[in-house]
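Q: Could you look at this predicted model? Sequence included:
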Amino acid sequence: MTAVTEQNKAVVRRFNKEVIEENNLHSFNEIMHAAFINHTAAAGADSGAAGILYTFNEVLRPAFPDLRVTIHEQVAEGDKVTTFKTISGTHTGTFMGIPPTHQVVMIRVMDMVTVRDGQYVEHWGVNTLGALVAELKTIHAAKK
């Protein structure tokens, strides 16, 4: 493991802690490269840094204000960092049209980020967000 790959892994850990958990806009602006592209942005969504910020601040954080990230594993090679993590929170706000269920939820995420000079340049990812939507709809329907 080189010093650069360790530094890149630290940038990703910093993003998860300071941006996702703490909603630190200063850290977000430091970490995101101006030419950042999210290769797995949802259809019709902004694939730049603004799309990432929108997802956290307009979709996830209003529904799950206590977002936490648990990093289970990180692997780095060259300028790529792959992370397996769980984003968790309590469903206390409307999420994709689903009223609060007050359930603690988890989104499992596997993502790969290209980090250059301490900044996110590219992102690819898969997650269980679709399964979470289905689960919350089922819970909400059962409460009716």
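A: Good, I have the coordinates.
Q: which helices and strands sit right next to the longest strand along the chain?
A: Scanning the chain for the strand with the most residues, using DSSP state E, yields strand 104-116. Applying 3 or more CB pairs under 8 Å, 6 or more residues apart in numbering; DSSP states H and E, one finds that strand 104-116 contacts helix 3-14, strand 80-90, strand 119-127, helix 129-143. Yep, even glycine has a C-beta here, placed from its N, CA and C like the rest.
Q: what mean pLDDT would you report for the last one?
A: Model confidence over helix 129-143, given as mean pLDDT, is 91.
Q: Next, the residues that contact it from outside, please.
A: With contacts defined as CB atoms under 8 Å, 6 or more residues apart in numbering, helix 129-143 is touched by His91, Phe95, Met96, Ile98, Pro99, Thr101, Gln103, Val105, Met106, Ile107.
Q: Hmm, the first one is touching Met106, no?
A: No - here His91 does not reach Met106: they are 10.9 Å apart, not a contact under CB atoms under 8 Å.
Q: The two - which one has more neighbours?
A: Neighbour count, other CB atoms under 10 Å: between His91 and Met106, His91 has more, with 22 against 15.
Q: need the contact list for that one.
A: Ala63, Phe64, Ile98, Pro100, Thr101, His102, Gln103, Val104, Val105, Leu136.
Q: Tell me the pLDDT of the residue nearest to Thr114 when sequence neighbours are not counted.
A: Using CB to CB, 6 or more residues apart in numbering and skipping residues adjacent in sequence, the residue nearest Thr114 is Glu122, 4.0 Å away. pLDDT, Glu122: 98.
Q: ok, and the helix or strand in this structure with the lowest average confidence?
A: helix 129-143 (a mean of 91; mean pLDDT, DSSP states H and E).
Q: Now do the buried residues in it.
A: By neighbour count on 16 or more other CB atoms under 10 Å, the buried set for helix 129-143 is Leu129, Leu132, Glu135, Leu136, His140.
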